[in-house]
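Asks: Just need the structure, nothing else, for what follows:
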Amino acid sequence: MRVILFIIIIFTSIGVNRCWTQQNTSVKKTKIKPFAALELGQAVFNDFKSYSGEIGVKFPNSHMMRVLYMNTTMSEAHLSSDFVIVVDGDHVQGKQVGFETFYDIPVYKKMLYVSPSFGWYTNEYEHTILAERFQKKSATVGVAISYREEDVFGLKGLYYTVSFPMRTPFEPIKKTTLGDTVIKNNTFDNNLFFFVGFQF
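Replies: Model (predicted):
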């Protein structure tokens with residue numbers, strides 16, 4: 001875990017240093033561009049019961065820094081789906097709330113990004129029949145792979161991002177049960193986000 005964190009810190013430091021160096025040595029000044037977006041993928045998958053979003057800035061060298069706020073109510077079907085597989089059993093629903101910061105480094109045509117990240121998440125699970133619930137809070141460290149396209153449909157500033165963040169919590173959930181339903185450990189966690197927003 002410490003090795004992973006060290007590697008991410010090194011890559012982030014290199015990225016930030018490159019960003020400032022290019023800004024200070026560039027002859028042509030390009031302003032830093034702020035942006036904001038709403039996450040629609042998780043919202044649609046969970047019947048628009050909650051919303052997530054991001055705000056950030058894009059630097060002149062196309063590096064970006066983003067802060068994600070995630071607030072997702074996860075249905076019973078979502079938790080037991082093939083993509084998530086968080087629970088083994090029925091009658092349990094969940095909620096994931098947290099913040100995560102990404103430093104996006106372009107690796108291909110300023111559209112494909114690799115992004116070290118750190119965050120703080122709360123995971124909650126509740127039995128829909130029994131009066132049983134479980135909650136776990138933890139800091140996280142990870143990396144995301146993202147694809148971003150700007151000026152969509154020829155509209156300047158309009159953008160979308162498909163992002164696949166992968167993270168590991170410092171204090172993972174240990175296997176536990178609510179009724180007869182098993183909540184699996186989360187030593188590795190991931191999401192699939194689809195952001196639609198505007199860059200100013």
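
Asks: Wasn't A77 part of a helix?
Replies: Yes - read with DSSP: H, G, I helix; E, B strand; the rest coil, A77 is one of the residues of a helix.

Asks: Against F170, how distant is it?
Replies: 29 Å (Cβ to Cβ, to the nearest Å). From N, CA and C alone the C-beta is placed, and that goes for glycine too.

Asks: Kindly report the same for R133.
Replies: Using Cβ to Cβ, one obtains 22 Å as the distance from R133 to F170.

Asks: Also F188?
Replies: Using Cβ to Cβ, one gets 13 Å for the distance from F188 to F170.

Asks: Same check on Q199?
Replies: In this view, Q199 and F170 are 33 Å apart by Cβ to Cβ.

Asks: and these two? which has more neighbours close in?
Replies: Between Q199 and F170, counted using other Cβ atoms under 10 Å, Q199 has the larger neighbour count: 19 against 12.

Asks: So for the more buried one, what's the pLDDT?
Replies: The predicted local confidence for Q199 comes out at a pLDDT of 96.

Asks: which SSE is P116 in?
Replies: Following DSSP states H and E, the helix or strand that holds P116 is strand 112-127.

Asks: If we go by neighbour counts, what in that strand is buried?
Replies: Neighbour counts over strand 112-127 (16 or more other Cβ atoms under 10 Å) mark 113-119, 121, 123-127 as buried.

Asks: Quick check: can you name the pairing partners of the following helix or strand past that strand and their directions?
Replies: Once strand 112-127 ends, the next helix or strand along the chain (criterion: DSSP H and E) is strand 133-150. The strands that strand 133-150 pairs with in its sheet are strand 112-127 (antiparallel), strand 158-169 (antiparallel) (by DSSP bridges).

Asks: residues in contact with the helix or strand containing M65?
Replies: With elements delineated by DSSP H and E, M65 resides in strand 64-74, which encompasses its position. With contact meaning Cβ atoms under 8 Å, 6 or more residues apart in numbering, strand 64-74 is reached by 39, 42-43, 46, 49-59, 84, 86, 93-104, 113, 115, 119, 121, 191, 193.
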